[in-house]
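S.K.: Based on what follows, work out the 3D shape:
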Amino acid sequence: MIAIHCLALMYGCNKDMQHPVPDVHVDFRINLEVTYKLNTIGGWEYFTGGYNYHGIVVYRESVDEFNAFDRTCTHNISERIEVSDPPTAECTECGSKYLLLDGSVIKGPAKHHLKRYRTRLEYPYLYVWNYK
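M.R.: As a prediction, this is how the structure comes out:
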């Protein structure tokens, strides 16, 4: 009986953990010698792509670390987030706030983190993608 209860909890958790923003193909590179907004730590810039054409925000966390997130609000996927006070971004419709260091929710009503994309720095290029 305990094993069945544990399995039910595991499947329930996996279902709850499903991200509300659907997967879409993302694969592009950024020339950092041309994109000056990303040349300083704390710099950020919007790029086309992502779910529902809301775009992707790329944030420079450190000298060699970049974060890329879909700009779709996880509370209402028809809305997009805007960088409000770096390193935070906010949905102007529902008021949810996210941290661009890891995509976590710092103010609800959103319950899910931002959809994250992979990044790799090979200077002068930053690659952003989501396939394996």
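S.K.: For the rest of this, base every contact and every neighbour count on C-alpha atoms.
M.R.: Noted.
S.K.: isn't residue 101 right up against residue 87?
M.R.: Yes - counting by C-alpha atoms under 8 Å, residue 87 is a contact partner of residue 101 at 6.7 Å.
S.K.: Overlap of the contact sets of these two?
M.R.: Jointly contacting residue 101 and residue 87 under the rule C-alpha atoms under 8 Å, 6 or more residues apart in numbering are residue 59.
S.K.: Quick one: mean pLDDT over stretch 68-81.
M.R.: Stretch 68-81 shows a mean pLDDT of 97.
S.K.: buried set for that stretch?
M.R.: Residues of stretch 68-81 classed as buried: 68-77, 79-81 (neighbour count, 16 or more other C-alpha atoms under 10 Å).
S.K.: Can you tell me what sits against the longest strand anywhere in the chain?
M.R.: In the chain, taking DSSP state E as the definition, the longest strand is strand 116-122. Contacts to strand 116-122, defined as C-alpha under 8 Å, 6+ apart, come from residues 26, 64-70, 103, 126-130.
S.K.: tell me which of the buried residues of stretch 68-81 is nearest to residue 34?
M.R.: Nearest to residue 34 out of these is residue 68 (C-alpha to C-alpha; 17.9 Å).
S.K.: Might you report the residue contacts of the closest residue to the closest one other than its chain neighbours?
M.R.: Sequence neighbours aside, residue 58 is the residue nearest to residue 68 in space, at 4.3 Å (criterion: C-alpha to C-alpha, 6 or more residues apart in numbering). Contacts for residue 58 were tallied using C-alpha under 8 Å, 6+ apart; they are 44, 45, 46, 47, 66, 67, 68, 69.
S.K.: partners of the helix or strand that contains residue 58, with directions?
M.R.: In the assignment (DSSP states H and E), residue 58 maps to strand 56-60. Here strand 56-60 has these sheet partners by DSSP bridges: strand 44-47 (antiparallel), strand 66-70 (antiparallel).
S.K.: possible to save the ones you listed as JSON lines with distance to residue 107?
M.R.: Formatted as JSON lines, these follow (distance: least, C-alpha to C-alpha, whole Å):
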{"stretch": "strand 44-47", "distance to residue 107": "21"}
{"stretch": "strand 66-70", "distance to residue 107": "17"}
